[in-house]
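Q: coords please:
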Amino acid sequence: MSRIGKHPIEIPKGVTVTVEGNTVKVKGPRGELSRTIHPELSVELKDGAVVVSRPSDEPGHKALHGLSRTLVANMVEGVTKGFQKTLDIVGVGYRAEARPYGLQLALGYSHPIEYKAPPGIKLSAPQPTQVVVDGANKEVVGQVAAEIRSLRPPEPYKGKGIKYAGEQVRRKAGKAGAK
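A: Reported below is the predicted structural model:
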């Protein structure tokens, strides 16, 4: 039995889960999410919890079992608490401003970069050197954070660029000057 897959997913108050075939829909205070689970696995509602089960102990089924349970658990957590990623901007003159459509970033290029937020994602800049990505879908939050980071990834010599909060940038020594 999969150690992760065997645990039932408790449904908190204020959240409704519906299962139609292999499609799981989760609705809560922070929005509504839907996902289609692999057709060989079965998803059921039992005693106020969601249970994912697999047909056999084949390695492929074991892998899908834990994955599917985690995906459904992330949906439930997303509509209750939500997910958040914080990015730090390092560099002289590098800054971010929140706009109605998303973000406007000054990253040392000759022009400002406008990043439009996908639906369901809230972008904010509590400080000019910090960006917060907030949303209910864990995958989309991570993807948006990765796209913003890719606009100017941190470089190893001065550490300038956009990095995840808490990310350690490996630094390199510069040129050894003339003696």
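
Q: So for stretch 32-50, mean pLDDT?
A: The pLDDT scores in stretch 32-50 average 92.

Q: What of stretch 4-19?
A: Mean per-residue pLDDT for stretch 4-19: 91.

Q: got it, and stretch 81-89?
A: 96.

Q: Mind listing what's buried along that stretch?
A: Buried residues in stretch 81-89, defined by neighbour count with 16 or more other CB atoms under 10 Å: 82-83, 85, 87-89. For glycine as for every other residue, the C-beta is placed from the backbone atoms N, C-alpha and C.

Q: now that stretch, how far from the centre of its chain.
A: From the chain centre to the centre of stretch 81-89 is a distance of 8 Å (CA atoms, centre = their mean, to the nearest Å).

Q: Could you do stretch 117-129 as well?
A: The chain centroid and the centroid of stretch 117-129 are separated by 13 Å under CA atoms, centre = their mean.

Q: got a list of contacts for that stretch?
A: With contact meaning CB atoms under 8 Å, 6 or more residues apart in numbering, stretch 117-129 is reached by 31, 88-90, 94-98, 101-103, 115, 131-137, 140-141, 144.

Q: What subset of the residues you listed is buried?
A: Burial by neighbour count, 16+ other CB under 10 Å: within the contacts of stretch 117-129 this picks out 88-90, 94-96, 98, 102-103, 115, 131-137, 140-141, 144.

Q: Surely residue 79 and residue 24 touch.
A: No. Taking contacts as CB atoms under 8 Å, residue 79 lies outside contact range of residue 24: 11.8 Å.

Q: Could you pull out the helices in the protein for me?
A: In the chain, the helices defined using DSSP state H lie at 59-80, 138-150.

Q: Next, the buried residues of the last one.
A: Spelled out, it's helix 138-150. For helix 138-150, a neighbour-count test (16+ other CB under 10 Å) marks 138, 140-141, 144-145, 148-149 as buried.

Q: any chance of those residues in a markdown table, plus pLDDT and distance to residue 39?
A: Below are the buried residues of helix 138-150 laid out as a markdown table (pLDDT from 0 to 100; distance: CB to CB, whole Å):
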| residue | pLDDT | distance to residue 39 |
| --- | --- | --- |
| 138 | 95 | 23 |
| 140 | 96 | 24 |
| 141 | 96 | 27 |
| 144 | 96 | 29 |
| 145 | 96 | 31 |
| 148 | 96 | 35 |
| 149 | 96 | 35 |
